[in-house]
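Chemist: 3D, please:
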Amino acid sequence: MKAYVGYQTPENGLRLRVGRFQTAFSVPGVASKGLDRNDSPNTDVNWTDGVHLELPVANGWRGHVIGQYRHRKGSGGVAYAPLDFSDRDSRGTLFLGLESKEGLGAITQRMLSLTWMPDSLADRGVADPSREHYVTIDARVAAQWPLRSGGARLVAGAELGYALNTPQHAAIGTGSNGAADGLAWQLQASVYDFAPKHHIGVAFGRVDAGWLLSPDFRPNDRLAEIRYQWQFLPKTSMELRLRERRELEHPINTRARVDHDLYVRLTHKF
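Modeler: Sure thing, here's the model as predicted:
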């Protein structure tokens with residue numbers, strides 16, 4: 001879902017988009033995922049309303065400035081409760097990122113980012129008037145190694161995020177006391193072309209209850225996933241995914257929510 005005006009200077013210089021567009025920053029892999037801004041992963045549909053300025057900085061690094069508008073009734077971007085945008089001062093979100101995809105030995109990607117969401121965190125629950133700024137920092141790195149000449153390659157990456165302000169456990173119903181933890185992390189490893197056109201990857205991640213921004217990970221969850229892809233025709237591919245998601249914290253005398261799911265998907269591009 002896109003409707004924007006864009007401008008780009010020659011030779012990979014400044015880029016600008018204004019309107020409704022998609023942004024995606026993720027750890028690469030067969031099961032590619034992101035802890036923060038990763039619109040429309042897999043079959044989901046997400047978008048960003050606002051402005052995205054991307055510009056060269058130095059030595060292959062590029063800066064990202066994204067100003068996003070979030071409607072009081074919700075927006076296309078992922079934001080889990082108790083993030084709330086009913087207050088007029090809460091509807092502007094700022095994202096600052098510094099990214100390099102210039103090779104540095106085996107390293108293929110480095111990125112550091114900050115998200116600022118003013119007056120949007122209902123730390124004591126949406127029914128309480130208390131609101132705090134929601135601020136997160138995020139870092140990711142990825143690398144690639146050939147496994148044989150002209151053939152298979154290993155792609156691996158990691159991402160670490162931390163939310164500086166988090167809601168109270170009482171506001172999100174985990175059964176614990178005090179403020180929720182705000183740590184989130186993921187690890188990825190994939191082997192591409194272990195046989196011609198066959199790829200396989202694994203992903204592991206843990207997201208505490210105070211991390212509320214990921215379209216790929218639920219708050220208060222641990223995830224383990226294996227994914228296989230086979231491009232058996234130029235425009236047709238098959239994908240298989242097996243995943244487990246397990247709740248981290250839950251009220252006393254209740255059992256942790258555990259989800260197991262499997263899908264096989266056939267995709268043809270016209």
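Chemist: tell me where the stretch 151-270 of the chain has helices.
Modeler: Assigned by DSSP state H, counting those that start in this stretch, the helices in the stretch 151-270 of the chain fall at 169-172.
Chemist: that one: strands as residue ranges?
Modeler: Taking DSSP state E, counting those that start in this stretch as the criterion, the stretch 151-270 of the chain carries its strands at 153-163, 183-195, 198-207, 221-233, 236-247, 258-268.
Chemist: in a markdown table, list those along with mean neighbour count.
Modeler: To be clear about C-beta, it is placed using only N, CA and C from the backbone, and glycine gets the same treatment. What follows is the strands of the stretch 151-270 of the chain, written out as a markdown table (neighbours: other Cβ atoms under 10 Å):
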| stretch | mean neighbour count |
| --- | --- |
| strand 153-163 | 20 |
| strand 183-195 | 19 |
| strand 198-207 | 20 |
| strand 221-233 | 17 |
| strand 236-247 | 16 |
| strand 258-268 | 10 |
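Chemist: for stretch 37-45, list the C-alpha coordinates in PDB.
Modeler: Written as PDB, here are the backbone C-alpha positions of stretch 37-45 (Å, rounded to 0.1, in the frame of the first residue of the first chain):
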ATOM      1  CA  ARG A  37      10.700  -0.800  11.600                       C
ATOM      2  CA  ASN A  38      10.000  -3.600   9.200                       C
ATOM      3  CA  ASP A  39       6.800  -2.900   7.300                       C
ATOM      4  CA  SER A  40       4.800  -5.800   5.700                       C
ATOM      5  CA  PRO A  41       6.900  -8.900   6.700                       C
ATOM      6  CA  ASN A  42       5.700 -12.200   5.300                       C
ATOM      7  CA  THR A  43       2.000 -11.800   4.500                       C
ATOM      8  CA  ASP A  44       1.200  -8.900   6.800                       C
ATOM      9  CA  VAL A  45       0.400  -5.400   5.400                       C
END
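Chemist: report the buried residues of the one helix or strand residue 145 maps to.
Modeler: Taking DSSP states H and E as the criterion, the element that holds residue 145 is strand 132-146. By 16 or more other Cβ atoms under 10 Å, the buried positions in strand 132-146 come out as 132, 134, 135, 136, 137, 138, 140, 141, 142, 143, 144.
Chemist: and residue 10, what helix or strand is that in?
Modeler: Counting by DSSP H and E, residue 10 is part of no helix or strand.
Chemist: can you pull the contacts of the nearest residue to residue 124 once chain neighbours are set aside?
Modeler: Distances taken as Cβ to Cβ, 6 or more residues apart in numbering put residue 130 closest to residue 124, at 4.8 Å, once the chain neighbours are dropped. Residues in contact with residue 130, defined by Cβ atoms under 8 Å, 6 or more residues apart in numbering, are 122, 123, 124.
Chemist: shouldn't residue 130 be within a helix?
Modeler: No - applying DSSP: H, G, I helix; E, B strand; the rest coil, one finds residue 130 to be coil, outside a helix.
Chemist: test my guess that residue 76 contacts residue 50.
Modeler: No - applying Cβ atoms under 8 Å, one finds residue 76 not in contact with residue 50, separated by 10.5 Å.
Chemist: please name the nearest non-neighbouring residue to the residue positioned nearest the centre of the chain.
Modeler: Centroid-nearest residue in the chain, with Cα atoms, centre = their mean: residue 34, separated by 2.5 Å. Nearest residue to residue 34, sequence neighbours excluded (Cβ to Cβ, 6+ apart): residue 26, at 3.6 Å.
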